[in-house]
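S.K.: Could you work out the structure for the sequence below:
(one chain, ligands or ions: 3)
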Amino acid sequence: EPTLRIRGLGKSFGGVRALDDVDLTVPAGQVHALLGHNGAGKSTLIKCLGGAYPPDTGTMEIDGTVHTRLSPRESIAAGVAIIFQTLSVVDSLTVAENIFLGQEWTRYGTVHRRAQEEVAAGLLERVAATCSPRDRLGELSMGQRQLVEIAKALSRSASVLVLDEPTAALSGAESDALAARVEHLRTQGLAIVYVTHLLGEVERLADAVTVLRDGRVSHGSTMAGRTRQELVEAVAGAAIAAHGP
Ligand code: ADP
Ligand code: MG
Ligand code: MG
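M.R.: Residues are numbered from 1 along each chain as shown. Ligands and ions are numbered 1, 2, ... in the order given. As a prediction, this is how the structure comes out:
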């Protein structure tokens, strides 16, 4: 059974149907690209998953447990980690302090700084970050900060990783490096939802694609024996239509 299975998700704001009967299934070890123009409903979908909004309809199944709504805390406990474009890491803290910020097991002085730094170093290795646990976050590049946030997600044993336009604030070289890390995280069995408007990133990374338009799925496609290039061609028309001229 897939790690993430969203069924019939609906959400309206006043008269605006931000999401209308949306399905999205992501097995472990797959990268699912979520495409759509501005206002298509991408952020609303991931905010429902992250517990920021209660959906009006539908279900979100995560690791075999079905939820109709989640609080932010429940979303994290269920195994969802969302890396928003505005990162939630704190510049004035060290990398290790950021990774373990707010986590129960560090609260009562039972875990010492050295032990924390060792665990942090292991997590940084998993995301191939080049920073060290004692670096202050404010001194790092955007790319490294983003990796610290992903390491933080791994420390909470996330099984669903959502990346919201992760290359938007990155340089070309940082974007290439991120792509390599996403490839690596895929092999570790995470179910990855990759929100983007760039077909090139779909071609580089995606195992499946869903295009949203006005809150509805306008096109869905999986590789199913195809090459990535063929996958991109299958959705390009829908994606370009969704983006407008
Ligand atoms: P995307 O992330 O694909 O650009 P959004 O999910 O942000 O799209 O928006 C989908 C639609 O829902 C848009 O019409 C947007 O204006 C509306 N919307 C999103 N969030 C809210 C909100 N908090 N209140 C009112 N309308 C919203
Ligand atoms: Mg938007
Ligand atoms: Mg958005």
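
S.K.: chain center to stretch 181-198: distance?
M.R.: Centre-to-centre, stretch 181-198 and its host chain are 8 Å apart (CA atoms, centre = their mean, to the nearest Å).

S.K.: Regarding it, how distant is the last residue from the first?
M.R.: End-to-end distance for stretch 181-198: 18 Å, by CA to CA, to the nearest Å.

S.K.: touching ligand 1 at all, it?
M.R.: No. If you take CB under 6 Å from any ligand atom as the test, stretch 181-198 misses ligand 1, and the best it gets is 7.6 Å. The C-beta positions use only the backbone N, C-alpha and C, and glycine is treated the same way.

S.K.: buried sites along that stretch?
M.R.: Neighbour-count burial for stretch 181-198 flags Arg181, Val182, Leu185, Arg186, Leu190, Ala191, Ile192, Val193, Tyr194, Val195, Thr196, His197 (criterion: 16 or more other CB atoms under 10 Å).

S.K.: which residues touch the fourth one?
M.R.: Contacts for Arg186 (CB atoms under 8 Å, 6 or more residues apart in numbering) come out as Gly29, Gln30, Val31, Ile192, Asp207.

S.K.: Quickly list what the spatially most central residue of the chain is bridged to.
M.R.: The C-alpha lying nearest the average C-alpha coordinate of the chain belongs to Val162 (CA atoms, centre = their mean; 1.1 Å). In this structure, Val162 has the following beta-bridge partners (DSSP bridges): Ile82, Val193.

S.K.: what's the spacing between Tyr194 and ligand 3?
M.R.: As judged by CB to the ion, to the nearest Å, Tyr194 and ligand 3 stand 13 Å apart.

S.K.: In space, what's closest to the residue of the chain found nearest ligand 3 - neighbours in sequence excluded?
M.R.: Proximity of the chain to ligand 3 (CB to the ion) peaks at Ser43, 3.1 Å away. Among residues not flanking Ser43 along the chain, Asp164 sits closest, at 7.1 Å (CB to CB, 6 or more residues apart in numbering).

S.K.: Run a quick neighbour tally on the one you found.
M.R.: The number of residues packed around Asp164, counting by other CB atoms under 10 Å, is 20.

S.K.: gap between the helix or strand containing Thr210 and the chain center?
M.R.: In this assignment (DSSP states H and E), Thr210 forms part of strand 208-213. The chain centroid and the centroid of strand 208-213 are separated by 15 Å, computed with CA atoms, centre = their mean.
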